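A.B. asks: 3D, please:
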Amino acid sequence: EVQLVESGGGLVQAGGSLRLSCTASGFTFGDYAIGWFRQAPGKEREGISCINANDNSTYYTTSVKGRFTVSRDNAKNTAYLTMNSLKPEDTAVYYCAASRWTMSPFVHNPERAAYWGQGTQVNVSS
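C.D. replies: Here you go, the predicted model:
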């Protein structure tokens, strides 16, 4: 059974940090790019970051660039999203997804994801 499980969400004050994890099973994790997406209440799902499968190249949208860092450990079948300088507008459910697509073509087209996690809630208080 294919699974992507996010963890690490929670409540944090503005300016604080969180690290989300995305742990995969049931497929060859190292063959897939991992994207991070988020969905705030009443808004569409937004792609924010991606890390390639093979060379660990990364992509960030302008909304998170310079504050968020994506990484992965293929030996642990896990990807991470380290979020610093959090703002109230970062409040959302955060999802990871796996795809054969990568970078901007994946992040801006979430329908290209092969697998999705169930999401983890991040709340940033002002």
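
A.B. asks: quick one, helices of this structure?
C.D. replies: Under the criterion DSSP state H, helices of the chain are mapped to 103-107.

A.B. asks: least confident secondary structure element in it?
C.D. replies: Counting by mean pLDDT, DSSP states H and E, the chain has its least confident helix or strand at helix 103-107, which shows a mean of 93.

A.B. asks: distance from the chain centre to that helix, please.
C.D. replies: Offset of helix 103-107 from its chain centre (C-alpha atoms, centre = their mean, to the nearest Å): 12 Å.

A.B. asks: what do you get for stretch 118-126?
C.D. replies: Its chain's C-alpha centre and that of stretch 118-126 lie 12 Å apart, by C-alpha atoms, centre = their mean.

A.B. asks: what do you get for stretch 37-46?
C.D. replies: Stretch 37-46 sits 13 Å away from the centroid of its parent chain (C-alpha atoms, centre = their mean).

A.B. asks: ok, now which ones touch the most centrally placed residue in the chain?
C.D. replies: Nearest residue to the geometric centre of the chain (C-alpha atoms, centre = their mean): W36, 2.3 Å. By C-beta atoms under 8 Å, 6 or more residues apart in numbering, W36 lies in contact with 20, 22, 47-50, 68, 70, 79, 81, 94-97. Just so you know, the C-beta spots here come from the backbone N, C-alpha and C atoms, and that holds for glycine as well.

A.B. asks: do the same with Y60
C.D. replies: Going by C-beta under 8 Å, 6+ apart, Y60 touches I48, S49, G66, F68, V70.

A.B. asks: do S7 as well
C.D. replies: With contact set as C-beta under 8 Å, 6+ apart, S7 has these partners: L20, S21, T23, T120.

A.B. asks: hmm, the third one is touching V5, no?
C.D. replies: Yes: in this structure T23 lies within contact range of V5 using C-beta atoms under 8 Å: 5.0 Å.
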